[in-house]
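Asks: Just to be clear, the model below is a prediction. Sequence and coordinates:
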Amino acid sequence: MRACAPFNSKDADVVLRSSDSVDFKVHKHTVSLASPVLAALIHHAPRPPPPPSGSRRHRRRPVVSLSEPSEFLEIFLRFVYPVPEPPVTLHDLATLLELAAKYDSPSVVSRVRLHLQRSDFLEADPLQVYALASFARMDDVVRVAARHTLSRPIPPSDKLTDVHLLSGTALVRLLDYRTQCVRAAVKVARISEDAVPWWVQLQWRRLCFLSECGWECTKLPRRSLKWHKTLHERVDVPQYWVDYMNSVGAALRERLDPSVARDPRLVRPAVEQATQCAKCASKAHWDVEEFARILEEAVEEAISSVELGGDCADEYDEDSRALVPTTKTNYLLPCDRVVWPLFDYFFNVYSKRQWLDQPYDDEDDFDCDQDELVSRPPSSDY
């Protein structure tokens with residue numbers, strides 16, 4: 001049985017025969033350039049006897065018998081030849097990578113790389129893309145595919161056998177990466193030791209839940225948190241904001257997707273609580289939505305800082321250099337310089353003046369507090 005074009009050319013000089021006896025007429029020079037293994041097989045193939053003199057029969061070509069069926073061999077040769085590539089599935093790509101490894105064909109691997117980077121494959125089955133990229137040692141594709149697997153649960157052990165070419169080493173590496181990403185993401189949303197998360201910037205005090213509103217908000221359950229960026233190094237925040245941050249952290253443990261910060265099921269309770277204040281009601285929805293977007297970007301930045309197969313710092317604090325900020329937000333920059341330094345400066349000046357203008361019954365207390373304010377060293381943020 002003969003293969004279809006372009007593997008039935010009359011000027012071909014060698015025949016590759018599949019396991020189901022389909023003959024592919026190919027050009028020795030083209031195949032040899034793509035695969036040194038096939039070049040060696042062709043070189044050692046037995047030469048057919050020449051046709052009798054005066055015979056009109058075409059010259060006979062050497063035949064190389066291969067163990068692959070025709071459907072696998074055809075798709076492999078189409079990735080070897082400079083012809084349009086056929087439509088492929090992830091199963092086809094797994095077959096191509098196996099044949100490319102068997103016949104030592106780096107050119108086929110290069111063409112497969114482009115298909116593994118397709119967005120439809122990454123969205124449909126990122127774990128399979130990760131397995132194939134790990135098998136082919138495509139480190140850049142491995143990182144992209146590993147990032148796409150975070151929003152999906154790892155299949156149970158009895159289903160992992162359905163993932164082609166997934167090695168135990170690659171699986172352990174992926175599980176360790178997921179653990180580090182969960183730790184980094186939850187750290188962003190966690191309110192630990194009664195302190196505002198270190199990456200929250202002073203400029204966001206314009207948001208209603210960080211502004212210490214003195215109206216109806218004071219009647220809502222509140223919580224005093226440490227915040228080193230403020231004058232008194234503490235801030236009173238509504239309990240609904242603390243509950244929202246904790247719920248985001250819990251959701252990230254279940255599904256490691258930064259978009260959970262904007263999940264209506266988590267945002268709606270906070271908005272309902274905030275609208276109970278007459279002053280904050282008009283902007284509560286927008287402020288909570290804006291902070292949810294900021295939190296989403298901060299979680300994304302924390303996850304992006306984790307290197308696949310690398311070490312991730314256990315603690316993300318001001319002195320840590322473990323987070324390499326992306327060009328997206330720089331929210332997690334360890335030095336934490338605010339975007340609006342003048343806002344930060346004048347807010348502190350205003351706060352100090354408000355503190356000095358407060359009436360004091362004891363003149364000694366006033367002098368003591370004033371001396372303390374004057375002697376206080378400037379903030380390291382400036």
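Replies: Okay, I see it. Computed from a predicted model, the values in this text were never measured in an experiment. Numbers count the residues shown, from 1 in each chain.

Asks: Show me which helix or strand of this structure is least confident by mean pLDDT.
Replies: In the chain, no helix or strand scores lower on mean pLDDT, DSSP states H and E than helix 363-375, which sits at a mean of 45.

Asks: Could you find the closest non-adjacent residue to Val196?
Replies: Trp227 (4.3 Å; C-beta to C-beta, 6 or more residues apart in numbering). Where you see a C-beta, it was placed from the backbone N, CA and C, and this is true even at glycine.

Asks: Mind jotting down where the helices sit in the stretch 201-350 of the chain?
Replies: Along the stretch 201-350 of the chain, the segments classed as helices by DSSP state H, counting those that start in this stretch run 239-254, 264-274, 281-304, 341-356.

Asks: May I see those helices organised as a markdown table, with distance to Phe72, mean pLDDT and mean neighbour count added?
Replies: Formatted as a markdown table, the helices of the stretch 201-350 of the chain follow (distance: least, C-beta to C-beta, whole Å; pLDDT from 0 to 100; neighbours: other C-beta atoms under 10 Å):
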| stretch | distance to Phe72 | mean pLDDT | mean neighbour count |
| --- | --- | --- | --- |
| helix 239-254 | 41 | 92 | 19 |
| helix 264-274 | 48 | 89 | 17 |
| helix 281-304 | 38 | 88 | 19 |
| helix 341-356 | 63 | 52 | 14 |
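
Asks: among these, which is nearest Pro86?
Replies: Closest to Pro86 of the helices of the stretch 201-350 of the chain is helix 281-304 (C-beta to C-beta; 35.5 Å).

Asks: Which elements pack onto that closest one?
Replies: Helices and strands touching helix 281-304, as assessed by 3 or more C-beta pairs under 8 Å, 6 or more residues apart in numbering; DSSP states H and E, comprise helix 168-189, helix 239-254, helix 264-274.

Asks: Tabulate those (TSV), appending distance to Gln117.
Replies: Below are the helices and strands packed on helix 281-304 laid out as TSV (distance: least, C-beta to C-beta, whole Å):
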stretch	distance to Gln117
helix 168-189	18
helix 239-254	27
helix 264-274	33
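
Asks: now for these, which one comes closest to Leu207?
Replies: Per C-beta to C-beta, nearest to Leu207 of the helices and strands packed on helix 281-304: helix 239-254, 9.1 Å.

Asks: who touches the closest one?
Replies: 182, 185-186, 189-191, 197, 209-210, 220-223, 225, 260-261, 263, 266-267, 269-270, 273-274, 288, 295, 299 (C-beta atoms under 8 Å, 6 or more residues apart in numbering).

Asks: so where do the strands sit in the stretch 1-150 of the chain?
Replies: Counting by DSSP state E, counting those that start in this stretch, the stretch 1-150 of the chain has strands at residues 14-17, 23-26, 63-65.

Asks: and the residue nearest to Val31 when sequence neighbours are not counted, what does it touch?
Replies: Counting by C-beta to C-beta, 6+ apart, Val31 lies nearest to Leu38, which is 5.1 Å off, once chain neighbours are set aside. By C-beta under 8 Å, 6+ apart, the contact set of Leu38 is Leu16, Val31, Ser32, Val64, Tyr103.

Asks: how near is the second one to Ala136?
Replies: When distances are taken as C-beta to C-beta, to the nearest Å, Val31 and Ala136 turn out to be 21 Å apart.

Asks: mean confidence score for stretch 64-73?
Replies: Stretch 64-73 shows a mean pLDDT of 91.

Asks: C-alpha coordinates for that stretch, PDB please?
Replies: Taking Å, rounded to 0.1, in the frame of the first residue of the first chain, the C-alpha atoms of stretch 64-73 are listed here in PDB:
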ATOM      1  CA  VAL A  64      13.600   0.700   5.700                       C
ATOM      2  CA  SER A  65      11.000  -1.100   7.800                       C
ATOM      3  CA  LEU A  66       9.900   0.800  10.900                       C
ATOM      4  CA  SER A  67       7.800  -0.300  13.900                       C
ATOM      5  CA  GLU A  68       5.300   2.600  13.900                       C
ATOM      6  CA  PRO A  69       1.900   2.300  12.200                       C
ATOM      7  CA  SER A  70       1.200   4.400   9.200                       C
ATOM      8  CA  GLU A  71      -0.900   7.000  11.000                       C
ATOM      9  CA  PHE A  72       1.900   7.800  13.400                       C
ATOM     10  CA  LEU A  73       4.600   7.700  10.700                       C
END
